[in-house]
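Participant: Provide a 3D model corresponding to the input given below.
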Amino acid sequence: MANAQNAPDAKLNLYIKFLKERLAFEPHSAIMHYNLGLAYTHKGLSVEAISELKQAIECDPNLAQAYVNLGGLYAVAEPEKSVEANLKALEIDPDLGPAHCNLAFGYLRGGQPDKAVEHGKRALELMPGSEKAYQLLAAAYIGAGQTEASAELSMKMIEANSSFAAAHFNLAVALRALGKEQEANEHEKRAEELGYDPTERR
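Facilitator: As a prediction, the model looks like this:
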């Protein structure tokens, strides 16, 4: 069982080794640095991942996905850097849904909920099936004081997937702000039953 659990990690380590060996011969390969950055991200090595993604951008300043992934790594600890990286990605490709998602999150953390709503809406337009985009927009609406819009969106999310814990939680927050305490308690309880942890919001 232990061997089976370690197999994916072993494969990832081999892949990292392969990429590093290739980079010894192709040090200016943007795609190699980018792939190594993604591999380090999957391994949880954010410092190494950031370094490789920066090198990928140096090799190819138009590699939009590198900016998106760099922004994702900055998102929690350094929202301003995350916003900067994702805005750069959108200069290259305005229709990158993940960049709009990252911006919604970054602006929300940075205390700019109106901008978070703007990018959350665009993310949802580009990725209509994305639960992450739904969740971010619902949270952005709450942050911007648009509680009715947040409640409406969260109810739509729940209609599509009744087990979406974050939707129940966001709906509870919106309903409580609208003075509907009993309904809010019901959805908050449902979120807890589904295992939602509000400390892990993203």
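Participant: in this protein, which helix has the most residues?
Facilitator: helix 2-25 (DSSP state H).
Participant: what's Ala174 in contact with, if anything?
Facilitator: When contacts are counted by C-beta atoms under 8 Å, 6 or more residues apart in numbering, Ala174 touches 138, 141-142, 147-148, 150-151, 154. Where C-beta positions appear, they are placed from N, C-alpha and C, glycine not excepted.
Participant: That one is in what secondary structure piece?
Facilitator: In this assignment (DSSP states H and E), Ala174 forms part of helix 165-177.
Participant: Now do the buried residues in that helix.
Facilitator: 165-176 (16 or more other C-beta atoms under 10 Å).
Participant: Pick the one among those closest to Leu38.
Facilitator: Ranked by distance to Leu38 (C-beta to C-beta), these are led by Ala166 at 25.3 Å.
Participant: Pull out the buried positions in the helix or strand containing Ala133.
Facilitator: Using DSSP H and E, Ala133 sits in helix 131-143. Counting neighbours by 16+ other C-beta under 10 Å, one finds that the buried residues in helix 131-143 are 132-143.
Participant: Please determine how far the residue nearest to His28 when sequence neighbours are not counted is located from Ile31.
Facilitator: Spatial nearest neighbour of His28, excluding adjacent residues (C-beta to C-beta, 6 or more residues apart in numbering): Cys59 at 5.2 Å. Relative to Ile31, Cys59 is positioned 9 Å away (C-beta to C-beta, to the nearest Å).
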